[in-house]
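**Student:** Sequence and predicted structure, then a few things I'm wondering about:
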Amino acid sequence: NLVSVVGKDAIGKQLLEFTAAAGVNITPCLSVPFYHTATYFAMLNLDRSLQFGLYDMNILDQITNDYLDQYMDLFSKARLIFFDANLQPNVIRHIFSLARKNNIPVCADTTSVNQAHRLSPYLNRLFLVSCNQHEAAILCECKDEINSPESGIEAARELISRGVRIVVVSMGEYGVCYANSETSGHIPAISTPVLDPTGAGDALTAAVLFGLLNDIELDEAIRLGVTASSLTLRHAGAVLPDLSLEKLYNELVL
């Protein structure tokens with residue numbers, strides 16, 4: 001189930017149609033006038049690295065506590081909740097309240113260095129947090145840069161000590177670091193041609209969550225995530241249309 005908001009524009013309509021075609025229930029999605037659908041615009045260099053990004057997320061302020069309360073039945077039946085930190089702090093607080101009432105694990109993406117601090121008060125209530133090394137530094141209150149696999153693992157373990165159950169830290173050219181209370185590790189970045197970096201981090205998180213929901217061990221779920229990220233990097237667009245579990249295992253990172 002997707003609980004979100006779009007504008008009454010062509011992009012919003014297209015997004016809802018695409019998401020519904022993928023099998024997602026979009027009934028809870030709100031469509032509002034006078035706002036543009038949330039947009040992220042990435043400018044890439046000739047080597048396909050990100051030069052800068054622009055975003056307009058103002059419409060997400062239309063997701064309110066009262067709006068979420070309309071879908072209490074969905075929260076009561078959910079196996080987990082996932083959100084990103086673009087939501088307003090009072091809405092994030094309400095999500096944790098709804099999750100606690102229904103005993104549902106909460107997962108979140110820090111989204112950016114500007115929003116990461118919104119998750120800081122809830123570290124001991126997060127089942128999983130997905131972040132990059134800069135966002136992890138904010139959550140850890142680290143003074144030093146996280147710029148190596150060793151420091152990435154250390155940051156992941158620090159967040160585990162602060163109460164997070166599972167931590168995933170994507171580090172670009174340094175790969176992915178992760179930890180839970182029982183294990184921690186690092187998977188090097190895959191050498192792959194980059195056509196478009198947009199969406200690679202989201203693919204990583206989505207595949208990890210899919211793995212965990214299907215009782216796949218964390219180490220293997222992370223490998224699925226890194227593989228999904230690598231496949232997305234090779235695709236011109238933020239979402240790989242034919243991504244599947246079979247495709248992931250055919251190209252699984254060892």
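**Tutor:** Looks like it came in fine. Since the model is a prediction, treat every value here as computed from it, not as a measurement.
**Student:** My reading is that residue 31 is in a strand; is that accurate?
**Tutor:** Yes - judged by DSSP: H, G, I helix; E, B strand; the rest coil, residue 31 forms part of a strand.
**Student:** shouldn't it be in contact with residue 5?
**Tutor:** Yes - using C-beta atoms under 8 Å, residue 31 is in contact with residue 5, at 7.4 Å. All C-beta atoms are positioned from the backbone trio N, CA, C, and that covers glycine.
**Student:** more crowded one of those two?
**Tutor:** residue 5 (20 against 16; other C-beta atoms under 10 Å).
**Student:** What segments of the stretch 51-200 of the chain are helices?
**Tutor:** 65-69, 72-77, 89-102, 133-140, 149-161, 200-213 (DSSP state H, counting those that start in this stretch).
**Student:** Can you show me the CA trace of the shortest one as PDB?
**Tutor:** The C-alpha coordinates for helix 65-69 follow below in PDB (Å, rounded to 0.1, in the frame of the first residue of the first chain):
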ATOM      1  CA  ASN A  65      -1.800  13.400  10.900                       C
ATOM      2  CA  ASP A  66      -5.500  13.600  10.100                       C
ATOM      3  CA  TYR A  67      -4.900  12.200   6.600                       C
ATOM      4  CA  LEU A  68      -2.900   9.200   8.000                       C
ATOM      5  CA  ASP A  69      -5.700   8.500  10.600                       C
END
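**Student:** residue closest to the middle of the protein?
**Tutor:** Central residue of the chain (C-alpha atoms, centre = their mean): residue 109, 4.2 Å from the mean position.
**Student:** mind checking how far the residue lying closest to residue 7 once chain neighbours are set aside is from residue 3?
**Tutor:** Nearest non-adjacent residue to residue 7, counting by C-beta to C-beta, 6 or more residues apart in numbering: residue 37, 4.3 Å away. Using C-beta to C-beta, to the nearest Å, residue 37 is found at 15 Å from residue 3.
**Student:** Ok, residue 202 next?
**Tutor:** Distance, residue 202 to residue 3, using C-beta to C-beta: 17 Å.
**Student:** which of those two has more neighbours?
**Tutor:** The residue with more neighbours, out of residue 202 and residue 3, is residue 3; 20 against 17, by other C-beta under 10 Å.
**Student:** Tell me how far the more buried one lies from residue 197.
**Tutor:** Remark: distance between residue 3 and residue 197 (C-beta to C-beta) = 27 Å.
**Student:** Then residue 71?
**Tutor:** In terms of C-beta to C-beta, residue 71 sits 33 Å off from residue 197.
**Student:** same question, residue 232
**Tutor:** 9 Å.
**Student:** Compare neighbour counts for these two and give me the winner.
**Tutor:** Using other C-beta under 10 Å as the criterion, residue 232 and residue 197 rank with residue 232 on top: 26 against 17.
**Student:** To which secondary structure element is that one assigned?
**Tutor:** Element membership for residue 232 (DSSP states H and E) is helix 218-233.
**Student:** So what pairs up with residue 7 in the strands?
**Tutor:** residue 32 (DSSP bridges).
**Student:** ok, it touching residue 29?
**Tutor:** No - if you go by C-beta under 8 Å, residue 7 and residue 29 don't touch, sitting 11.3 Å apart.
**Student:** Need the distance between the two termini of stretch 44-61.
**Tutor:** From the first residue to the last, stretch 44-61 extends over 28 Å; the measure is C-alpha to C-alpha, to the nearest Å.
**Student:** One more: stretch 150-170?
**Tutor:** For stretch 150-170, the first-to-last residue distance is 13 Å (C-alpha to C-alpha).
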